[in-house]
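Q: sequence and predicted model, in that order:
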Protein chains: 2
Amino acid sequence: MTYELYYWPSVQGRGEFIRLVLEDAGAPYIDVARLPQRQGGGARAIVQVLEGRKNARPPFAPPVLKAGRLLIAQTPNILMFLGCRLKLAPRDAAGRLWTQQLQLTISDFYLEIFDTHHPLGDGYAYEEQKSAAKRRTKDFLATRVPKFFGYFERVLERNRARGPWMVGARASYADFSMAHVIAGLKYAFPKASAKALRSRPRLRALHDAVYERPGIARYLASDRRLPFNNEDLFRRYPELDR
Amino acid sequence: MTYELYYWPSVQGRGEFIRLVLEDAGAPYIDVARLPQRQGGGARAIVQVLEGRKNARPPFAPPVLKAGRLLIAQTPNILMFLGCRLKLAPRDAAGRLWTQQLQLTISDFYLEIFDTHHPLGDGYAYEEQKSAAKRRTKDFLATRVPKFFGYFERVLERNRARGPWMVGARASYADFSMAHVIAGLKYAFPKASAKALRSRPRLRALHDAVYERPGIARYLASDRRLPFNNEDLFRRYPELDR
């Protein structure tokens, strides 16, 4: 089966967490909105999937995944579904709940990262909320990054299985999301993240292990991978990186 | 089996979404931190569950649910688990994904509600971020509330099954969360929410149907229910309600 991913075509955004899982597994998928509009692509494809009047279970926002007749939205939900399908989640119920618990905590983390540059929401441009962004980021770097990094380093430490992963001895979708958040923080806050990662050897090892996986390495070298950019979830504003 | 809920003893917070499900189902549970400290309660009980050194799968933050030997955190994850156990979720896989998708969208909604009074995060008191709160709330009431309410009203409209619920003909955990968010908005923004609900008859009916259920009505009349208050997720600051 070929999956269809509906996500904004010019940003990694929350779609990237889905793309990493599909790419690592080598699952066939179409990144629909990146097709030309005459082939059914472009932002119009997303609008259609959101506003389709016949859909009894409409999604609120992208990313949306079409899997056969199923239409699934909400990043952690899509990942939970794909994790089971693509063997990137444990098989036992307790392991699945734990993986999803980690994913939801990673989601909280990247939402707070978005809030550093848009504390007043995306109804205002960054330039209209710069001083609020500075105050929010100050607290984020001083207290929240150490709290989240400390937590995930502890999770890695307590996993007694071999290897660099958070759940047992095999990679799960939560590991890819964690690696992507670390990569995003390195892009957005090169100084602060280098400092924060110094004392987190397990998080650094997880990050490297994800990006060395063949499917992920191939993806990063391909034109399917969009670069980090300042219209996205992770943004580099040097005035915030202190 | 008696469930154990670990959540801050003086606020409804995110714990309330869990309490509503347990109460509706009449499931036996202990709200551990509300016990006196000499009976193992108080905030100390929460700290112990978060910091327990023997726990291979530590939670990041409350709410945490103990179910036998399982320790589950993250509100939507706990609800998904309890929904299946207590028959407050559909039995088919697609219906379960859809219920969780709704729950995650409700979570996004209540996180934005918290952000109205704490746009700079909880590292600063409300009084230290009042002007940022005013700007954020202005956009929230003007654009986000209509977007979320419009969406959930559409979900109710498209559910062709009888009754006031979002998923099929039976109540699910997502319905309780939706009703609680509506109740919270009525507390926090009495004027703005009355206006926004005027054109949403299905959301009003869902809210009323939830609070008329015998288990919920009994709970609300009991001393187990904490009142809304201004240290909580939903806060009433009249200067924000315009």
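A: On my side now, so go ahead. Residues are numbered from 1 along each chain as shown, chains lettered A, B, ... in the order given.
Q: use CA for all of it now, contacts and neighbours both
A: Noted.
Q: how is the residue in chain A sticking out farthest from the centre assigned, secondary-structure-wise?
A: Going by Cα atoms, centre = their mean, the residue of chain A most distant from its centre is A:Lys54, 29.7 Å out. Following DSSP: H, G, I helix; E, B strand; the rest coil, A:Lys54 is assigned to coil.
Q: quick check: end-to-end length of stretch A:151-167?
A: Taking Cα to Cα, to the nearest Å, stretch A:151-167 runs 14 Å from one end to the other.
Q: in that stretch, what counts as buried?
A: A:151-159, A:163-167 (16 or more other Cα atoms under 10 Å in any protein chain shown).
Q: in strands, which of the residues you listed fall?
A: Using DSSP state E, the subset of the buried residues of stretch A:151-167 located in strands is empty.
Q: in chain A, which helix is the longest?
A: Longest helix in chain A by number of residues (criterion: DSSP state H): helix A:93-117.
Q: can you tell me the closest non-neighbouring residue to A:Val21?
A: Leaving aside its chain neighbours, A:Val21 sits nearest to A:Tyr173 (6.2 Å; criterion: Cα to Cα, 6 or more residues apart in numbering or on different chains).
Q: state the number of residues packed around the one you found.
A: Other residues near A:Tyr173 come to 29 when the count uses other Cα atoms under 10 Å in any protein chain shown.
Q: any bit of the lowest-mean-pLDDT helix or strand in chain A sitting next to chain B?
A: Of the helices and strands making up chain A, the lowest-confidence element is helix A:43-51, at a mean of 95, by mean pLDDT, DSSP states H and E. No - counting by Cα under 8 Å from any Cα of the partner chain, chain B is not contacted by helix A:43-51; separation bottoms out at 10.4 Å.
Q: picking up where we left off before, show me what the longest helix of chain A is packed against.
A: For helix A:93-117, the packing partners by 3 or more Cα pairs under 8 Å, 6 or more residues apart in numbering or on different chains; DSSP states H and E come out as helix A:75-85, helix A:130-139, helix A:173-188, strand B:70-73, helix B:75-85.
Q: quick one: work out the angle between it and helix A:75-85.
A: With axes from the mean of the first three to the mean of the last three Cα atoms, to 10 degrees defining the directions, helix A:93-117 sits at 150 degrees from helix A:75-85.
Q: going by neighbour count, list what's buried in helix A:93-117.
A: Neighbour count says helix A:93-117 has A:96-107, A:109-110, A:112-117 buried, by 16+ other Cα under 10 Å.
Q: and chain B, which of the buried residues of stretch A:151-167 reach it?
A: A:151, A:155, A:158-159.
Q: chain B: which of the residues you listed is nearest?
A: A:Arg158 (5.2 Å; Cα to the nearest Cα).
Q: the closest one and B:Ala56 touch, don't they?
A: Yes - under the criterion of Cα atoms under 8 Å, A:Arg158 makes contact with B:Ala56 at 5.2 Å.
Q: about what we covered before: make CSV out of the buried residues of stretch A:151-167 and add pLDDT and distance to B:Leu185.
A: Formatted as CSV, these follow (pLDDT from 0 to 100; distance: Cα to Cα, whole Å):
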residue, pLDDT, distance to B:Leu185
A:Tyr151, 98, 32
A:Phe152, 98, 34
A:Glu153, 98, 37
A:Arg154, 97, 37
A:Val155, 98, 36
A:Leu156, 98, 39
A:Glu157, 97, 41
A:Arg158, 97, 40
A:Asn159, 97, 41
A:Gly163, 96, 46
A:Pro164, 98, 44
A:Trp165, 98, 41
A:Met166, 98, 38
A:Val167, 98, 38
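Q: so which of those comes closest to chain B?
A: A:Arg158 (5.2 Å).
Q: so who does the closest one touch?
A: Counting by Cα atoms under 8 Å, 6 or more residues apart in numbering or on different chains, A:Arg158 makes contact with B:56-57.
Q: go again with 10 Å.
A: A:152, A:166-167, B:53-58 (Cα atoms under 10 Å, 6 or more residues apart in numbering or on different chains).
Q: try A:Pro59
A: Counted by Cα under 10 Å, 6+ apart, A:Pro59 has contacts A:49-52, A:65, A:71-74, B:98, B:101-102, B:105, B:151, B:155.
Q: one more pass at 6 Å, please.
A: A:50, A:73 (Cα atoms under 6 Å, 6 or more residues apart in numbering or on different chains).
Q: got the angle between the longest helix of chain A and helix A:173-188?
A: Using the same axes, to 10 degrees: helix A:93-117 against helix A:173-188 is 20 degrees.
Q: pLDDT averaged over helix A:93-117, what's the number?
A: Mean pLDDT, helix A:93-117: 98.
Q: centre of the chain versus it, how much separation?
A: Here the centre of helix A:93-117 is set off from its chain's centre by 9 Å, with Cα atoms, centre = their mean, to the nearest Å.
Q: and if you look at stretch A:90-105?
A: 16 Å.
Q: now the residue nearest in space to the middle of chain A, nearest residue through space, not along the chain?
A: Among the residues of chain A, the one closest to the centroid is A:Phe17, at 3.5 Å (Cα atoms, centre = their mean). Leaving aside its sequence neighbours, A:Phe17 sits nearest to A:Ser177 (Cα to Cα, 6+ apart; 5.6 Å).
Q: how much space between the one you found and A:Gly15?
A: 11 Å.
Q: what do you get for A:Pro28?
A: Applying Cα to Cα to A:Pro28 and A:Gly15 gives a distance of 16 Å.
Q: per-residue pLDDT of the closest residue to A:Ser107 other than its chain neighbours, please?
A: In this structure, A:Ser107 finds its nearest non-sequential neighbour in A:Pro76, 7.7 Å apart by Cα to Cα, 6+ apart. Predicted confidence (pLDDT) at A:Pro76: the value is 98.
Q: show me chain A divided up by domain.
A: Here the domain parsing of chain A from automatic domain parsing is A:3-85, A:93-213.
Q: so where's chain A shaky on pLDDT?
A: Residue ranges of chain A with pLDDT under 70: none are present.
Q: which bits of it sit near chain B?
A: Contact residues, chain A versus chain B (Cα under 6 Å from any Cα of the partner chain): A:56, A:74, A:101, A:119-120, A:136, A:158.
Q: again, only using 8 Å
A: Counting by Cα under 8 Å from any Cα, chain A sits next to chain B at A:55-58, A:60, A:70, A:72-74, A:77, A:94, A:97-98, A:100-101, A:104-105, A:119-121, A:123, A:132-133, A:135-136, A:139, A:151, A:155, A:158-159.
Q: check contacts around the closest residue to A:Arg57 other than its chain neighbours.
A: Setting aside the residues directly before and after it, A:Arg57 is nearest to B:Val155 in space (Cα to Cα, 6+ apart), at 6.7 Å. Going by Cα under 8 Å, 6+ apart, B:Val155 touches A:56-58, B:166.
Q: out of those, grab the one that's most surrounded.
A: B:Met166 (30 neighbours).
Q: that residue and B:Asp175 touch, don't they?
A: Yes - counting by Cα under 8 Å, B:Met166 touches B:Asp175, with 6.5 Å between them.
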